[in-house]
Structure formats: structure tokens, C-alpha cells
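Colleague: 3D model of this:
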Amino acid sequence: MKPRERIAVARTPDGSKMELYRHDRDYFIRINGHELMNSRQHESELELARLGCAHLSGHPAPVVLVGGLGMGYTLRQTLDLLGQDARVVLGELMGAVVEWNRTFLQELNGEALLDQRVEIKTGDIVELIAGATNRYDTILLDIDNGPHAMTDAGNRRLYGRKGMQACRRALREKGCLAVWSAEPNKNFEQLLVTCGFHVSRYRVPAYEGNTSISCFIWVASEDKAALPPGGGEPRMAPSANKRTTPGTSPKHNRNRSGKELCYNHGAGCHHRKNG
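Modeller: Here you go, the predicted model:
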């Protein structure tokens, strides 16, 4: 059996070590030794694009923002769903991830970055969204494992109230915001509602045809008719007096392969879940 081969390494803005590995035809991205994503498990990334762009059928020239490149699956699916007059803005924090897609991952995503419809913006996705008003027909967000993964100030800004309000301002009339998450989050659903969105929740498989590992996608819009069918209604979050104050105890989350990570203390934390 061939061993995994490390083919690239980079540092995130907070100093975490990000590595790209290859094993035969499969690719893996790790953060501080923990697997973040792999090319075997990408059905939910495709579904993010399908759900977020469902209302664009027949739209002559939509403008879509894809927040987070990963291995390029969401971008590829978005391009496949849209016509030749569409524009897709790709927002990616890490220039290294863009380069990895150009150099190593083109076979996975059909050379998506070479598509003439794609405009690449590297840097803070929050600033990109905050600088737009009435610009996008769809915003697709797949950043840092979802709303629970608040490892730095940028993620708190994105998934907090100000970030969601900025997303609402950046959307055009009848536009949709679609957010990927490794796990459910009632508080985030309620936040979307209080920001003026109608919201539907979708549980989707990580692997095609395999529901043993699931991810979650929220689609939100000011226009309820723009939401795709089949989603669940927003759930009530726990009462305020039962909520844990952020930062008071380790918060564990799961990555795309279902493994637990501690996001209050970073990907290298070795706290174990109680019980």
C-alpha cells in the first residue's frame, strides 16, 4: 500500500500548519495534524451549490459569491448549474489554497479556476461581503466548518449578527444565502431569523448514497418563495440562561469526517468530550 505523500504546506493567518497530502488519486487537507477535508467526501459541498442556486433556474445573468474554495467542488458545481452569462466571485482567505487548486487539484474540479466566469478574490471574506450592497443573487459560505468553528475574530464577525446582516445587504431582491456546517446549530438558525431571513435547514450526506455521516446546510432569504423545497423549519434555541458563555469551556465540533475537534482552543487541542 502506498503511503500518504505530503505535497504542499502553508501557514494560516493565525499560524496553524495547513498541509496537502496525496494518496493514489485521493487528496487530503490537514490543519495542525487533524484532517479537515478529503476528496472522497464531497457530496455536501456539491449540495451547497445545488440548494443555494436552486432559485436561479432561468435567471439570465446571475452573480454568485462562493466563500471558501476548499478543493473546488462547490465552485465546480456552481459553474455547472449556471449559464455562460453568469459571474462567480470566489472569496478565499488563503492564497496557498488557490495555488493548490491550480497546481494539484484541477483534476478534481474540472479546472474550475480557469473558467472565464470566475473572478478570484483572496483575503478576508467578511470585508468582501461588507463592501457589497445589492450585488449577489446567491452567497454560498463554506468557511471553517461552519458557525460553530469560531477560531478567530474573522469567523466571529462572519457568523455573528453583523456578518449575517452584511450578507443580507449584499444580496439582491429574492437572493439566497446558503451556509454549510459540520453540525446543527439552533442558535445560528435563530440568529438568521432575527436578521430578517426566512430559513430552511437541510440535512445532507457527506458521501453520495451514504447517510451515516451527515452535514447541514441552511438556506436563508428575505423572500420565502425563493427557498428550495424539502427543508426543515427553524428550531427554537435554548433559553438564554442555559446558554454557555463563549470561551468559558471547551467547545468541541466535528470536521467533515465526523472526528471531534476543539474549536475554542484551536485544532491542536486535545480536550475530550465529557461522557
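Colleague: which non-adjacent residue is nearest residue 122?
Modeller: With sequence-adjacent residues excluded and distances taken as C-beta to C-beta, 6 or more residues apart in numbering, residue 122 is closest to residue 95, at 4.9 Å. No exception for glycine: its C-beta is placed from N, CA and C like everyone else's.
Colleague: what pLDDT does the one you found get?
Modeller: Note for residue 95: predicted pLDDT of 96.
Colleague: one more: residue 235?
Modeller: 88.
Colleague: that one: what secondary structure?
Modeller: coil (DSSP: H, G, I helix; E, B strand; the rest coil).
Colleague: burial of it, as a residue count?
Modeller: Residue 235: 13 surrounding residues under other C-beta atoms under 10 Å.
Colleague: please enumerate the helices of the stretch 1-150 of the chain.
Modeller: 43-52, 73-81, 95-103, 106-109, 125-130 (DSSP state H, counting those that start in this stretch).
Colleague: columns mean neighbour count and distance to residue 14 on top of those helices, output as JSON lines?
Modeller: Compiled in JSON lines, those are given as follows (neighbours: other C-beta atoms under 10 Å; distance: least, C-beta to C-beta, whole Å):
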{"stretch": "helix 43-52", "mean neighbour count": "24", "distance to residue 14": "23"}
{"stretch": "helix 73-81", "mean neighbour count": "24", "distance to residue 14": "23"}
{"stretch": "helix 95-103", "mean neighbour count": "17", "distance to residue 14": "14"}
{"stretch": "helix 106-109", "mean neighbour count": "16", "distance to residue 14": "26"}
{"stretch": "helix 125-130", "mean neighbour count": "21", "distance to residue 14": "15"}
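Colleague: so which of the ones you listed gets nearest residue 19?
Modeller: Checking the helices of the stretch 1-150 of the chain against residue 19 by C-beta to C-beta gives helix 95-103 as the closest, at 10.3 Å.
Colleague: what's the angle between that closest one and helix 73-81?
Modeller: Compare the direction of helix 95-103 with that of helix 73-81 by axes from the mean of the first three to the mean of the last three C-alpha atoms, to 10 degrees and you get 50 degrees.
Colleague: need the residues that contact helix 95-103.
Modeller: 8, 10, 18, 20, 69-72, 92, 109, 112-113, 120, 122 (C-beta atoms under 8 Å, 6 or more residues apart in numbering).
Colleague: output it as CSV - backbone C-alpha positions only.
Modeller: Output of helix 95-103 as CSV, limited to C-alpha atoms (Å, rounded to 0.1, in the frame of the first residue of the first chain):
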residue,chain,number,x,y,z
GLY,A,95,-3.6,32.3,-1.5
ALA,A,96,-2.0,28.9,-1.0
VAL,A,97,-5.3,27.1,-1.3
VAL,A,98,-5.9,28.9,-4.6
GLU,A,99,-2.4,27.8,-5.8
TRP,A,100,-3.0,24.2,-4.7
ASN,A,101,-6.2,24.1,-6.7
ARG,A,102,-4.3,25.4,-9.8
THR,A,103,-1.3,23.1,-9.3
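Colleague: quick one: closest of the helices of the stretch 1-150 of the chain to residue 219.
Modeller: That would be, of the helices of the stretch 1-150 of the chain and by C-beta to C-beta, helix 43-52, which comes in at 5.3 Å.
Colleague: helices or strands next to that closest one in the packing?
Modeller: helix 73-81, strand 136-141, strand 171-181, strand 198-207, strand 210-221 (3 or more C-beta pairs under 8 Å, 6 or more residues apart in numbering; DSSP states H and E).
Colleague: now do the fourth one, average pLDDT.
Modeller: Strand 198-207 comes out with an average pLDDT of 93.
Colleague: please apply the same query to the first one.
Modeller: The predicted model assigns helix 73-81 a mean pLDDT of 98.
Colleague: contact partners of that helix?
Modeller: 42, 45-46, 48-50, 53, 56, 64, 66, 68-69, 86, 88, 90, 108-110, 112-113, 115, 117-118, 140, 142, 180.
Colleague: look at residue 57 and report its pLDDT.
Modeller: Confidence score, pLDDT, at residue 57: 92.
Colleague: could the helices of the stretch 1-150 of the chain go into CSV alongside distance to residue 187?
Modeller: Below are these laid out as CSV (distance: least, C-beta to C-beta, whole Å):
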stretch, distance to residue 187
helix 43-52, 20
helix 73-81, 24
helix 95-103, 28
helix 106-109, 33
helix 125-130, 19
